[in-house]
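# Here is my input; please provide its structure:
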Amino acid sequence: MNPDLSKVVVILGVTASGKTDLAIKLAKKFNGEVVSADSRQVYKEFAIGTAKPAGHWMFLGGKKEFVSGGIVHHLMDVIDPKEEFTLAEYKKLALGKINEIAEKNKLPFLVGGTALYLKAVLENWNIPQVRPNLSLRTSLSNKPTLDLFRELLKKDPEAAAITGPANKRRIIRALEVIYATGQKFSAQRRAGKKLFEPLKIGIQIGFEDLKKRVAERTVLMIKNGLVEEVHRLKRKYPWSLVPMQSIDYQEFKEYFEGKKSLLETVNLINRHHLAYTKRQMTWFKKDKDIHWVSPDLKLALTESVKLVRDFLTE
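Next up, the predicted model:
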């Protein structure tokens with residue numbers, strides 16, 4: 001461990017595993033602030049469907065901060081839904097907030113389940129600074145997804161393995177970077193100089209327990225007004241908008257078109273979340289530095305407090 005590097009506690013896990021609750025309790029105990037690593041909670045207006053923690057904006061030290069559970073949360077509710085928000089931009093903002101927290105002699109907590117966000121920051125990825133090319137995107141979007149995937153497979157097999165054959169938006173972005181730079185998109189995964197010392201704490205949860213939590217969370221979202229939120233957003237934004245394409249939103253398109261019932265929509269949301277958690281765990285299982293703790297909040301807190309104390313005294 002390098003004593004000259006700042007320390008960062010990372011709380012990660014799959015959807016509905018309880019990351020936020022654990023992070024807030026740890027941040028209170030260790031004088032910390034949270035930096036979100038969630039690709040959906042970064043957007044304004046998208047609240048219920050992104051499971052954004054209840055909070056409010058307030059002025060602290062002359063700055064407007066988002067506070068939830070008494071803890072400042074950074075990079076949450078900050079991006080206009082119509083704005084293009086890239087991985088490179090997230091990395092730059094996240095590193096800035098981590099350094100800002102450390103400079104205040106507080107402990108940064110990087111919290112979320114978006115593996116790309118976490119790895120880009122923790123491994124200091126070299127990410128091409130390529131702005132969106134709207135004409136190219138329009139041209140590519142008119143082609144079949146499978147044809148685009150085959151092209152990416154030829155140009156950059158590693159990138160194709162990351163995007164998968166069905167995510168058209170990510171495939172197009174990968175090709176866009178390749179066309180603009182003349183280099184493989186997967187080059188962005190190359191790690192750079194180590195910027196800080198991380199302690200990675202993951203919440204380990206069994207699949208049956210996860211299925212129950214996902215289903216319960218979806219029901220709670222419906223009770224809290226998810227249908228009304230999506231209805232309001234669809235009147236303002238097209239279904240093609242990036243945050244509108246995320247889970248908990250995209251499934252409602254056919255519901256509002258009268259093609260699916262609410263029950264069918266809920267079941268589809270749950271299936272999509274479970275499929276996504278499998279992809280999340282594929283990423284996380286590759287990382288042997290993660291310390292896995294119980295999905296029970298009380299036990300997880302006890303286990304995590306010891307890990308953080310040991311980490312801070314090393």
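# Name the SS class of the closest residue to residue 58 other than its chain neighbours, please.
Excluding its sequence neighbours, the residue lying closest to residue 58 (Cβ to Cβ, 6 or more residues apart in numbering) is residue 67, at 5.6 Å. For glycine as for every other residue, the C-beta is placed from the backbone atoms N, C-alpha and C. Recorded secondary structure, residue 67: strand (DSSP: H, G, I helix; E, B strand; the rest coil).
# Quick check: residue 67 vs residue 194, distance?
31 Å (Cβ to Cβ, to the nearest Å).
# Looking at the two, which is more packed in?
Each of residue 67 and residue 194 has its neighbours counted (other Cβ atoms under 10 Å); residue 67 has more, 15 against 12.
# thought the more buried one was touching residue 56?
Yes: counting by Cβ atoms under 8 Å, residue 67 touches residue 56, with 6.1 Å between them.
# where does the chain have its least confident helix or strand?
helix 157-163 (a mean of 82; mean pLDDT, DSSP states H and E).
# on contacts alone, who are the packing partners of that helix?
Using 3 or more Cβ pairs under 8 Å, 6 or more residues apart in numbering; DSSP states H and E as the contact test, the elements touching helix 157-163 are helix 145-155, helix 168-181.
# quick one: which of those helices is nearest residue 82?
helix 168-181 (15.2 Å; Cβ to Cβ).
# Just the CA coordinates for the following helix or strand past the closest one, please, in PDB.
The element immediately downstream of helix 168-181 (helix or strand, assigned by DSSP states H and E) is strand 196-203. Extracted in PDB, the C-alpha atoms of strand 196-203 (Å, rounded to 0.1, in the frame of the first residue of the first chain):
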ATOM      1  CA  PHE A 196      -5.500   6.100  -4.800                       C
ATOM      2  CA  GLU A 197      -5.700   3.100  -2.500                       C
ATOM      3  CA  PRO A 198      -9.200   1.400  -2.600                       C
ATOM      4  CA  LEU A 199     -10.900  -0.900  -0.200                       C
ATOM      5  CA  LYS A 200     -13.500  -2.800  -2.100                       C
ATOM      6  CA  ILE A 201     -16.500  -4.100  -0.200                       C
ATOM      7  CA  GLY A 202     -19.100  -6.100  -2.100                       C
ATOM      8  CA  ILE A 203     -22.500  -7.200  -0.800                       C
END
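# for strand 196-203, packing partners?
strand 6-12, helix 19-29, strand 290-293, helix 297-313.
# between the ones you listed, which one is nearest to residue 178?
Once those are compared by Cβ to Cβ, strand 6-12 is nearest, at 29.3 Å.
# tell me the domain boundaries of the protein?
6-125+191-313, 134-188 (automatic domain parsing).
# ok so, going back, how about the helices and strands packed on strand 196-203 in CSV, adding mean pLDDT?
As requested, those are arranged in CSV below (pLDDT from 0 to 100):
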stretch, mean pLDDT
strand 6-12, 97
helix 19-29, 98
strand 290-293, 98
helix 297-313, 97
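# deepest of these, which one?
strand 6-12 (a mean of 22; mean count of other Cβ atoms under 10 Å).
# Pairing partners for that one, with directions?
strand 107-112 (parallel), strand 196-203 (parallel) (DSSP bridges).
# what residues are up against the spatially closest residue to residue 146 that is not a sequence neighbour?
Among residues not flanking residue 146 along the chain, residue 165 sits closest, at 6.7 Å (Cβ to Cβ, 6+ apart). Shown in contact with residue 165 (Cβ atoms under 8 Å, 6 or more residues apart in numbering): 145, 146, 149.
# Please tell me I have it right and the first one contacts residue 172.
It refers to residue 145. No: using Cβ under 8 Å, residue 145 is not in contact with residue 172, being 9.2 Å away.
# Please say which of the two ends up with more neighbours.
residue 172 (23 against 16).
# Tell me the spacing between the closest residue in space to the more buried one that isn't next to it in sequence and residue 209.
Leaving aside its sequence neighbours, residue 172 sits nearest to residue 140 (Cβ to Cβ, 6+ apart; 4.8 Å). Separation of residue 140 from residue 209 (Cβ to Cβ): 41 Å.
# Comparing these two, which residue is more hemmed in?
residue 140 (20 against 13).
# Where does that one sit: helix, strand or coil?
helix.
# pLDDT at it, what is it?
Looking at residue 140, its pLDDT stands at 93.
# I'd assumed residue 148 was in contact with it.
Yes: counting by Cβ under 8 Å, residue 140 does reach residue 148; the two are 6.2 Å apart.
# Just give me the residue closest to the centre of the protein.
The chain has residue 38 as the residue nearest its centroid, 2.5 Å off, counting by Cα atoms, centre = their mean.
# Touching the longest helix anywhere in the chain from outside, list them.
Ranked by residue count under DSSP state H, the longest helix found in the chain is helix 262-285. Outside helix 262-285, the residues that touch it by Cβ under 8 Å, 6+ apart are 12-16, 113, 115, 119, 202, 210-211, 214-215, 218-219, 222, 227, 247-248, 251-252, 254-255, 260, 290.
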